[in-house]
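1. what follows is a protein structure lacking sequence information:
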């Protein structure tokens, strides 16, 4: 079996995983609502803002931390958005694990010393 066959096998296994199934199911609830899509979009903007600030200063400002907490309160009142973000996080963990396994297997360090 060649590497592409194995890749397709992995793709099928991933597609059938509980994490992907849950993410797709939760995503349907987001796609069906402009309000939910807007909430996700706003959350992404805050995430990018937080990431950028942390890269520049090494930490998040008190204002941004409060913004995150306040947005978290709003999200907690919307079960569809909360479910989607949780499903997305679970999938991200699986994806990160897969990439780590692949990188270790081929001896590639993609971090280039980041976080070491």
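-> Yep, it's here. Computed from a predicted model, the values in this text were never measured in an experiment.

2. how far out from the middle of the chain is the longest helix seen in the chain?
-> The longest helix of the chain (DSSP state H) is helix 79-106. A distance of 6 Å separates the centroid of the chain from that of helix 79-106, by C-alpha atoms, centre = their mean, to the nearest Å.

3. list the buried residues of it.
-> By neighbour count with 16 or more other C-beta atoms under 10 Å, helix 79-106 contains the buried residues 80, 81, 82, 83, 84, 85, 87, 88, 90, 91. C-beta coordinates here come from the backbone N, C-alpha and C atoms, glycine included.

4. then stretch 57-71?
-> 60, 64, 68, 71.

5. check which helices and strands the worst-scoring helix or strand of the chain on mean pLDDT sits against.
-> Ranked by mean pLDDT, DSSP states H and E, the helix or strand of the chain with the weakest confidence is helix 62-76, at a mean of 87. With contacts defined as 3 or more C-beta pairs under 8 Å, 6 or more residues apart in numbering; DSSP states H and E, the packing partners of helix 62-76 are helix 34-57, helix 79-106.

6. for residue 21, state which of the buried residues of stretch 57-71 is nearest.
-> residue 71 (26.9 Å; C-beta to C-beta).

7. so who does the closest one touch?
-> Contacts for residue 71 were tallied using C-beta atoms under 8 Å, 6 or more residues apart in numbering; they are 42, 43, 46.

8. most neighbours among those residues, please name it.
-> Neighbour count (other C-beta atoms under 10 Å) singles out residue 43 as the most crowded of these, with 18 neighbours.
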